[in-house]
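Novice: Here's my sequence, what's the structure:
(one chain, ligands or ions: 2)
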Amino acid sequence: MTTKIGITGGIGSGKSVVAHLLKVMGVPVYIADDEAKRITSTDAEIRQKLISLLGEEVFAYGVLNKPLLAAYLFSDPQHASIVNGIIHPKVKEDFINWVSQNQHCPFVAIESAILIEAGFTDAVDIVVMVHAPLELRLKRLLRRDFTLSEEQIRNRIQSQMDDEAKRKMADFVIVNDDITPVIPQLITLMNSASF
Ligand SMILES: CC(C)(COP(=O)(O)OP(=O)(O)OC[C@H]1O[C@@H](n2cnc3c(N)ncnc32)[C@H](O)[C@@H]1O)[C@@H](O)C(=O)NCCC(=O)NCCS
Ligand SMILES: Nc1ncnc2c1ncn2[C@@H]1O[C@H](COP(=O)(O)OP(=O)(O)OP(=O)(O)O)[C@@H](O)[C@H]1O
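Specialist: Ligands and ions are numbered 1, 2, ... in the order given. This next block holds a predicted model:
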């Protein structure tokens, strides 16, 4: 049986790094952000619902107007939940289908900043939270995303569930604080998660 690992954590916590390491260890990983973007730009129902919510300009010349969607989404946690309610049911459907194509693998994983908020916990066997201190996340993001200001990053952090609430829902926490080695934690995870 395939064990489905859900990797979550706030923006800048290091989910992508953990997802990358799992891939190197041979685990197929579904990157929800990439797939959500693909589905958002191709699914007619999502397109229609976003247009009803934000107007025609949300798809300027057929292409998603990212600054407009981001300005709405990250200005209020309620807005994030409205947009996620439009996009993520389809992503979940797509993920379930992807899992069925990877049944032969002992482990599969999904990486999503909003795994819990978007209702994916019942689609995975184990929820893994990647944790990093807030100030370190800010420092990493200011270094990674030259286009984002500190205020924009803080707005994004606020649009996501906070770490203490996430921790309560998590079965396993990976500490990615630039001090604790990550690979041994992943090995412990995989040893404890195989059913
Ligand atoms: C909102 C958009 C246009 C912003 O684009 P932009 O290039 O400025 O940022 P980018 O895509 O690099 O996102 C950076 C980070 O923001 C956070 N984030 C993105 N979308 C969301 C969301 N819907 N809810 C909460 N946080 C989000 C994530 O931590 C993400 O890694 C873009 O992220 C998007 O199309 N989001 C919809 C897809 C989605 O829901 N992805 C995140 C969930 S897995
Ligand atoms: N252990 C680490 N050591 C050094 N740099 C790290 C470490 N973990 C993450 N980083 C760096 O911090 C930045 C943020 O990490 P990453 O992109 O994995 O975060 P994320 O949780 O996936 O964020 P997002 O929600 O935006 O996708 C990246 O530039 C990454 O290379």
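Novice: Pull up the gap between residue 44 and residue 51, please.
Specialist: Residue 44 sits 10 Å away from residue 51, taking CB to CB, to the nearest Å as the criterion. The way it works is simple: take the backbone N, C-alpha and C, and place the C-beta from them, glycine included.
Novice: OK, contacts around the residue lying closest to residue 162 once chain neighbours are set aside?
Specialist: Leaving aside its sequence neighbours, residue 162 sits nearest to residue 10 (CB to CB, 6 or more residues apart in numbering; 7.8 Å). By CB atoms under 8 Å, 6 or more residues apart in numbering, residue 10 lies in contact with 113, 137, 157, 160, 162, 163, 166.
Novice: Next one, pLDDT for the second one please.
Specialist: Residue 137 is assigned 95 on the pLDDT scale.
Novice: same deal with the first one?
Specialist: pLDDT, the model's per-residue confidence, is 94 for residue 113.
Novice: mind checking the SS state of it?
Specialist: Put simply, residue 113 is coil when judged by DSSP: H, G, I helix; E, B strand; the rest coil.
Novice: what comes up buried for stretch 40-50?
Specialist: 40, 43, 46, 47, 49, 50 (16 or more other CB atoms under 10 Å).
Novice: same check, this time on stretch 120-127
Specialist: For stretch 120-127, by 16+ other CB under 10 Å, it's 120, 121, 123, 124, 125, 126, 127.
Novice: my read: the last one touches residue 167, true?
Specialist: Okay, so that is residue 127. No: using CB atoms under 8 Å, residue 127 is not in contact with residue 167, being 10.1 Å away.
Novice: would you say the residue nearest to residue 162 is within a helix?
Specialist: No: read with three-state DSSP, residue 10 is coil and lies in no helix.
Novice: measure it to residue 45 for me?
Specialist: From residue 10 to residue 45 the distance is 29 Å (CB to CB).
Novice: got it, and residue 51?
Specialist: Applying CB to CB, the value for residue 51 to residue 45 is 11 Å.
Novice: didn't residue 115 look like it was pressed against residue 121?
Specialist: Yes: applying CB under 8 Å, one finds residue 115 in contact with residue 121, separated by 6.9 Å.
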